[in-house]
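Engineer: 3D model of this:
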Amino acid sequence: MSDRLQWLNRHALLLRHRLVRDAVQQEKYKLPFALKPLVTGDDMESADFVEVLFNAGKHREVCEFLAYCMHRRAAVWWGYRCLVTLLEEQEKVPPVVVDIADIGKPKPLTVPDWAKEPPEPTPEQLAPITELRAKVQAKSDELHKLVDDAMALVPPNIRKMFDTIYGAVDDMFKQEYGLTTRELVRKAAEQIDDPLFVVDPESPIFKAEAELKAQIEAMRQETVELVKSAMPAPDPAEVKQNSDDAMQAVYRWIVAPDEINTQAAMEIGNKCPDLPQGLLAMVAFWSYGNMMPTGDTVVQTPPGLAANGLGSVLLNAALAKGGTRKYAERYALYAQIGLDVLQGRDTWGESTGDKIPPHAAIGRENGKVETARQIMPDEQEKPKSGGYSRWVPGASQA
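Structural biologist: Residues are numbered from 1 along each chain as shown. Below is the predicted model of the structure:
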């Protein structure tokens, strides 16, 4: 490829599965049908596949594959870094909380200026119309006189026949509609010319409309109350606390992926799995490799569970409300962060010094928070097995 030399200088240091087929067979990565033509052979390396996807602008697909082929501990750090960028976005543009009671709520009709009725015309504006109407009326009277003069020249027997036929038609029209044709036209003209003519507000149509709207609103209010009682809205303060606790638990696990921090990640993850932060805590738990971290029994994490969970974390983050980036922009950013982590340019090492952890620094420049060094486990808290670098037989290393 044109930038092959550039890619050769970027070693994929933190790959867990060197070949694409390894990710498929061992991690149960389901290769999308549309991407199969991009796999050039059974021995295609994962780094080359990532390169192809990234150069093609398939950032979401890059993220999905990296979740399956990246070293587990590095993958959790990657997810953590992505959530930190999301929190930074939402610090600038907080998400708008929508009250369920506002869903379907009738809204006042706002009529634009161009659709509003024009103001009442002034006498000066009406003068040309009045003059034209007088001229039209004069012409109409003149025409009627000509018709009457013409009818006077018609022989009596023919005029009588015409009057008989016209009268019969008029009687049928009045029997059907209650008015003759001339009476109907006259009444319509009177109503149009009458400036006081308005639609009757007491019409049964308007009463039925008001009753129907009231019934619909009553049903909507009842539905809202039922939904609120069945699914009460979470307390924003509780959501914020769970998010902070989950990010802290994830960071603890990244710094020291031992049994204690794995158990803590599982507990907070089970508490708020609906949050991407809580789901990432569960990913950290699954990434440990042992579903029973504090016991003597080893239950291996099913293949692909942690990777699939991480993919869901990134998807939820990309779809999150608020922030300054859109869906595609976030995936492009997450893919770039993933490459930086994969190639060793972005690791947790620098964050473990005497400075505030990345997630705790957001919006708390003047606050007193726990430093990265302070959250390292004390010696007495470390498990007897050694904790930080422990390898569980039969389980995947973090």
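Engineer: quick one: residues in contact with stretch 339-353.
Structural biologist: 10-15, 50, 54, 62, 66, 70, 74-75, 77-78, 81, 254-255, 337, 357-358, 372-373, 376 (CB atoms under 8 Å, 6 or more residues apart in numbering). Every C-beta, even on glycine, is put in place using the N, C-alpha and C of the backbone.
Engineer: how distant is it from the center of its chain?
Structural biologist: Averaging C-alpha positions (CA atoms, centre = their mean, to the nearest Å) puts stretch 339-353 31 Å from its chain's average.
Engineer: sketch out the low-pLDDT regions of the stretch 251-398 of the chain for me.
Structural biologist: 354, 364-398 (pLDDT under 70).
Engineer: returning to that earlier point: quick one, which of the contacts of stretch 339-353 are buried?
Structural biologist: Taking 16 or more other CB atoms under 10 Å as the criterion, what is buried in these is 10, 12, 14-15, 50, 54, 62, 66, 70, 74-75, 77-78, 81, 254-255, 337, 357-358, 372.
Engineer: which helix of this structure spans the most residues?
Structural biologist: helix 123-152 (DSSP state H).
Engineer: next helix or strand past that helix?
Structural biologist: Elements were assigned by DSSP states H and E; along the chain past helix 123-152, the next helix or strand is helix 156-177.
Engineer: now that next one against helix 123-152, angle please.
Structural biologist: Relative orientation of helix 156-177 and helix 123-152, computed by axes from the mean of the first three to the mean of the last three CA atoms, to 10 degrees: 130 degrees.
Engineer: output helix 156-177 as PDB, nothing but the C-alphas.
Structural biologist: Extracted in PDB, the C-alpha atoms of helix 156-177 (Å, rounded to 0.1, in the frame of the first residue of the first chain):
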ATOM      1  CA  PRO A 156     -96.000  36.000 -24.000                       C
ATOM      2  CA  ASN A 157     -96.600  32.300 -24.800                       C
ATOM      3  CA  ILE A 158     -92.900  31.500 -25.000                       C
ATOM      4  CA  ARG A 159     -92.100  33.500 -21.800                       C
ATOM      5  CA  LYS A 160     -94.900  31.600 -20.000                       C
ATOM      6  CA  MET A 161     -93.400  28.300 -21.000                       C
ATOM      7  CA  PHE A 162     -89.900  29.500 -19.800                       C
ATOM      8  CA  ASP A 163     -91.400  30.700 -16.500                       C
ATOM      9  CA  THR A 164     -93.100  27.300 -16.000                       C
ATOM     10  CA  ILE A 165     -90.000  25.300 -16.600                       C
ATOM     11  CA  TYR A 166     -87.800  27.600 -14.500                       C
ATOM     12  CA  GLY A 167     -90.400  27.500 -11.700                       C
ATOM     13  CA  ALA A 168     -90.500  23.700 -11.700                       C
ATOM     14  CA  VAL A 169     -86.700  23.500 -11.500                       C
ATOM     15  CA  ASP A 170     -86.600  26.100  -8.700                       C
ATOM     16  CA  ASP A 171     -89.300  24.200  -6.800                       C
ATOM     17  CA  MET A 172     -87.300  21.000  -7.000                       C
ATOM     18  CA  PHE A 173     -84.100  22.900  -5.800                       C
ATOM     19  CA  LYS A 174     -86.000  24.500  -2.900                       C
ATOM     20  CA  GLN A 175     -87.500  21.100  -1.900                       C
ATOM     21  CA  GLU A 176     -84.000  19.600  -1.800                       C
ATOM     22  CA  TYR A 177     -82.000  22.500  -0.200                       C
END
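Engineer: when you give positions from now on, start the count at 21
Structural biologist: Taking 21 as the first residue, the last one we looked at is helix 176-197.
Engineer: and it, how far out from the chain middle?
Structural biologist: For helix 176-197, the distance to the chain centre is 70 Å (CA atoms, centre = their mean).
Engineer: which strands and helices lie in contact with it?
Structural biologist: Under the contact definition 3 or more CB pairs under 8 Å, 6 or more residues apart in numbering; DSSP states H and E, helix 176-197 sits against helix 201-213.
Engineer: report all helices and strands that the longest helix of the chain contacts.
Structural biologist: Using 3+ CB pairs under 8 Å, 6+ apart, helix 143-172 is in contact with no helix or strand.
Engineer: just the buried residues of that helix, please?
Structural biologist: By neighbour count with 16+ other CB under 10 Å, helix 143-172 contains no buried residues.
Engineer: and what of stretch 301-309?
Structural biologist: Neighbour-count burial for stretch 301-309 [16+ other CB under 10 Å]: 301-309.
Engineer: over to stretch 184-204?
Structural biologist: Neighbour-count burial for stretch 184-204 flags residue 193 (criterion: 16+ other CB under 10 Å).
Engineer: stretch 367-374 too?
Structural biologist: 367-368, 371-372.
Engineer: tell me the one of those residues nearest residue 149?
Structural biologist: Within the buried residues of stretch 367-374, the smallest distance to residue 149 is 80.1 Å, found for residue 371 (CB to CB).
Engineer: how about the closest one, phi and psi?
Structural biologist: Dihedral angles of residue 371 (phi, psi; degrees, to the nearest 10) stand at phi -80, psi -10.
Engineer: ok, back up a step: now, the contacts of stretch 359-373 that are in helices?
Structural biologist: Judged by DSSP H, the contacts of stretch 359-373 include 70, 74, 82, 86, 94-95, 97-98, 101, 274-275, 357 as members of helices.
Engineer: need those residues in a markdown table with distance to residue 338, can you?
Structural biologist: As requested, those are exported to a markdown table (distance: CB to CB, whole Å):
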| residue | distance to residue 338 |
| --- | --- |
| 70 | 18 |
| 74 | 16 |
| 82 | 13 |
| 86 | 14 |
| 94 | 20 |
| 95 | 17 |
| 97 | 18 |
| 98 | 14 |
| 101 | 14 |
| 274 | 21 |
| 275 | 26 |
| 357 | 12 |
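Engineer: which two of the residues you listed have the greatest separation?
Structural biologist: 74 and 275 (28.9 Å).
Engineer: now do the contacts for residue 358.
Structural biologist: The neighbours of residue 358, taking CB under 8 Å, 6+ apart as the test, are 82-83, 86, 90, 98.
Engineer: if we use 10 Å, what do you get?
Structural biologist: Contacts for residue 358 were tallied using CB atoms under 10 Å, 6 or more residues apart in numbering; they are 70, 74, 79, 82-83, 85-87, 90, 94-95, 98-99, 101-102, 334, 366.
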